[in-house]
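In: this is a predicted model, with the sequence first.
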Amino acid sequence: MEYKQSQSTLYFIGTIIKLLGHTQYDDFKEIINENKSVNDTLKILKEKLNIKFRYKIQSKKSINKIDSPSIIYDNNNKPYLLANFNHEQVLIQSLDNPAPELWSLEDFDKVWSGKWLQVKYQQSRFDISWFKAEFLKYKSIIGCILLFSFTLQILALVSPIVIQVIMDKVLVHNNMATLDVLIFGLIIAAFIEVILKGLREYTYHHTVNRIDTTLGLKLVNHLLHLPISFFKSRQIGAIVTRVKELETIREFLTGSFFTLTIDILFLFVFIYVMNVLSPTLVLIFLCSLPAYLFVAWWITPKVESSANEQFSNIAINTSFLTESINGIETAKSLSIEPNFTRRWDNQTSDMSHTNFIANQISSRSEHIVMVIEKITSAIILWIGASEVLALHMTIGQFIAFHMMVNHASQPLVKSIKLWGNYIRTKVAIEKLAQIINLPTEQIDEGKNNRLEGNIQLTNIAFRYQPNTPYILDDFNLSIHAGETIGIVGTSGSGKSTLARLLLRLYTPEKGTILLDGHPLSSINTSTLRQQIGIVLQENFLFNQTVFDNIAQTRPNASMDDVIHAAKMAGAHDFILKLPLGYDTILAEGGSSLSGGQRQRIAIARTLLSDPKIIIFDEATSALDDESQAIIQENMHTISEGRTVITIAHRLSTIRQCHRIIVMQQGKIVEQGTHQKLIEQGGFYQHLWTLQQSFK
């Protein structure tokens, strides 16, 4: 029983690792196959995969304190997978019933003992503290900025003090010589202040731009190295909107928040001098500070809520607009443009309403702050004038104090608006973190093996989502180097999935994949994909020249090499007929070409990279008979020294393959040469007869 429970815990840990998108699932399987105890296995997983495990026991059971997904235990220490929950129901899975079950919270509380296992990644998190660490890399520069700021605060005292001396000393004693000296000193101080402000701004913005560049590079590099499942499970608009949050962060960093914050921190200099001039009046000024803090506290949840709503609306609009442009041909063909317009109008109305609320929050906070400033200034004028009349202050002291109050109030007034910007930036960072904190593919890990082309798949089981039917189930296949393999089958039988597993775009749930006897997980992913060329049914061409599109994998390729690859793919003749030949710039996605032309350029691109394994995944389905004939004629040269896998519905394209694999429901049901399969009279013979009857 204890062994079974231990295996259940490890099984659920594997499920959670897949749910969280961890890219080292193969390594996990190798570790648990070592048959160590659960605790020893957890220690190894922590060290090798950087995953944190922590058993927790809650005396007062509260499901809201549990992370999902996680593993919970009943009173008999039997594990269950807690996939998700809300305020009414809990999604649970047990090994007794592989299908997920919905339990009520009442039933869950009866079973749960209060013990659960937390499974989390141990990785550096991207959040607001990331910027603190980045700024600390420039300690000397930050030190200069602080020094400039402190000096500027001291210089800001010059003008009020000079005014005080002029009012109380110069005018009273009619001392023109002193007046000349003071005015000259005031002008010198003004010049120094301008120079220091310029230096501070230049130094700060130069540093911020370097941090901004670092963040932008980090984001794009991280985004491009996320697993393919990330892009398949999210709308393009949602991804683009998160990336655009970089602009919000950039505007905040390049704004005056940092320098304004420093100015507020150095207010103690002003407060000290103001206290020397009048302890009574400085007390009035200090009493206004809680009011500013109250406004900041009041707007925080409102700004945060509106920022999240604005983000959601922008993401929806961006996704809709992207989808509309990509599907414009379909929309026009069906004459449904008015439907799209109405939908856009409704979404835009929602966004305008959200923006209006955000602006109202900002306006109200600014008005409240303005009232606080005016009331504080009025009280200081009233009490200060009374102090002057009572001969407790001179006129010069009073005017100097009032100038200092105005100078000290400005950062406080501006800080409320900037606080709202800070909250919006904090939300932007959280949205950006939803991308940056995701685990990436381990592209640079593993051996840089030179492939020969031997492929061995053993007991492979794979599905795209947990608790869904397997696409491949107990799949076994052996392919020898230099062999040409044709794969046919009904739609959904797992043909294309097989190709994506070989490229390590996905990881099988069970079984092993060996290339030249090496586990797929032990081979450097970048090296692997450089040596396995794949041509899909739908291929993306970039908004570049034909030459650049073919030479994507070999940027230094010569024109002769590109032309040779194009001739092999049957693309050379039509390329020469384009306006600028190989220098013709293609429209985005290659939309300026026909489907067959795009396919031939994609085939040429793959051939130019000279891979040891080539996979044609319905690659010739869009080709006309003439182009198909050129490819078939060149197939012997293409496959020379390579392993070639052709996935096709058109059986004539795989007729000459060394071996044909017939798949149904994720399993191999027949295999052999074309002639052998025809003679067997099975499913392949049925497909062949069916296709011949339509000719």
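Out: Looks like it arrived, so ask away. Numbers count the residues shown, from 1 in each chain.
In: could you pull out the helices in the stretch 251-400 of the chain for me?
Out: With helices called from DSSP state H, counting those that start in this stretch, the stretch 251-400 of the chain shows them at 257-265, 267-277, 279-326, 328-334, 337-389, 395-436.
In: just the terminal-to-terminal distance for stretch 539-558.
Out: 23 Å (Cα to Cα, to the nearest Å).
In: measure how far it is from the centre of its chain, please.
Out: For stretch 539-558, the gap between its own C-alpha mean and the chain's C-alpha mean amounts to 26 Å (Cα atoms, centre = their mean, to the nearest Å).
In: what's the answer for stretch 619-636, then?
Out: With Cα atoms, centre = their mean, you get 40 Å for stretch 619-636.
In: go on, stretch 414-424?
Out: Worked out by Cα atoms, centre = their mean, stretch 414-424 lies 25 Å from the chain centre.
In: mean neighbour count, the helices of the stretch 251-400 of the chain: which tops it?
Out: Greatest average neighbour count among those goes to helix 395-436 (a mean of 20), per mean count of other Cβ atoms under 10 Å. C-beta: built from backbone N, CA, C; applies to glycine.
In: and it, what other elements does it pack with?
Out: helix 158-165, helix 176-224, helix 236-254, helix 257-265, helix 267-277, helix 279-326, helix 337-389 (3 or more Cβ pairs under 8 Å, 6 or more residues apart in numbering; DSSP states H and E).
In: ok, the residue nearest the centre of the chain - contacts?
Out: Most central in the chain under Cα atoms, centre = their mean is Ile435, positioned 2.4 Å from the mean C-alpha point. Applying Cβ atoms under 8 Å, 6 or more residues apart in numbering to Ile435 gives the contacts 219, 222-223, 226, 239, 242-243.
In: most neighbours, which of those?
Out: The most crowded member of those, judged by other Cβ atoms under 10 Å, is Arg242 (22 neighbours).
In: find the nearest non-adjacent residue to that one, please.
Out: Lys431 (5.0 Å; Cβ to Cβ, 6 or more residues apart in numbering).
In: so what's Val194 scoring on pLDDT?
Out: For Val194, the pLDDT comes out at 91.
In: the domain parsing of the chain - what is it?
Out: Per automatic domain parsing, the structural domains of the chain span 2-121, 128-436, 482-492+531-693.
In: of those, flag the one that's most buried.
Out: Note that of the domains of the chain, domain 482-492+531-693 is the most buried (mean count of other Cβ under 10 Å), with a mean of 18.
In: re earlier: would TSV of the helices and strands packed on helix 395-436 with distance to Val562 be doable?
Out: Below are the helices and strands packed on helix 395-436 laid out as TSV (distance: least, Cβ to Cβ, whole Å):
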stretch	distance to Val562
helix 158-165	70
helix 176-224	25
helix 236-254	31
helix 257-265	51
helix 267-277	66
helix 279-326	29
helix 337-389	41
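In: can you tell which of the ones you listed is closest to Phe547?
Out: Across those, Phe547 has its closest neighbour in helix 176-224 (23.3 Å, Cβ to Cβ).
In: contact partners of the helix or strand following the closest one?
Out: Using DSSP states H and E, the helix or strand that follows helix 176-224 in sequence is helix 228-232. By Cβ under 8 Å, 6+ apart, the residues outside helix 228-232 that reach it are 21, 239, 438, 464, 500, 505-506.
In: ok, 10 Å please
Out: 18, 21, 23, 223, 239, 435, 438-441, 464-465, 500, 503-507 (Cβ atoms under 10 Å, 6 or more residues apart in numbering).
In: tell me how far it lies from the chain's centre.
Out: 11 Å.
In: then stretch 600-613?
Out: Counting by Cα atoms, centre = their mean, stretch 600-613 comes out at 30 Å from the chain centroid.
In: likewise stretch 221-232?
Out: Distance, centroid of stretch 221-232 to centroid of chain: 8 Å (Cα atoms, centre = their mean).
In: cool, and stretch 250-258?
Out: 22 Å.
In: ok, now stretch 79-98?
Out: Distance of stretch 79-98 from the chain centroid (Cα atoms, centre = their mean) equals 28 Å.
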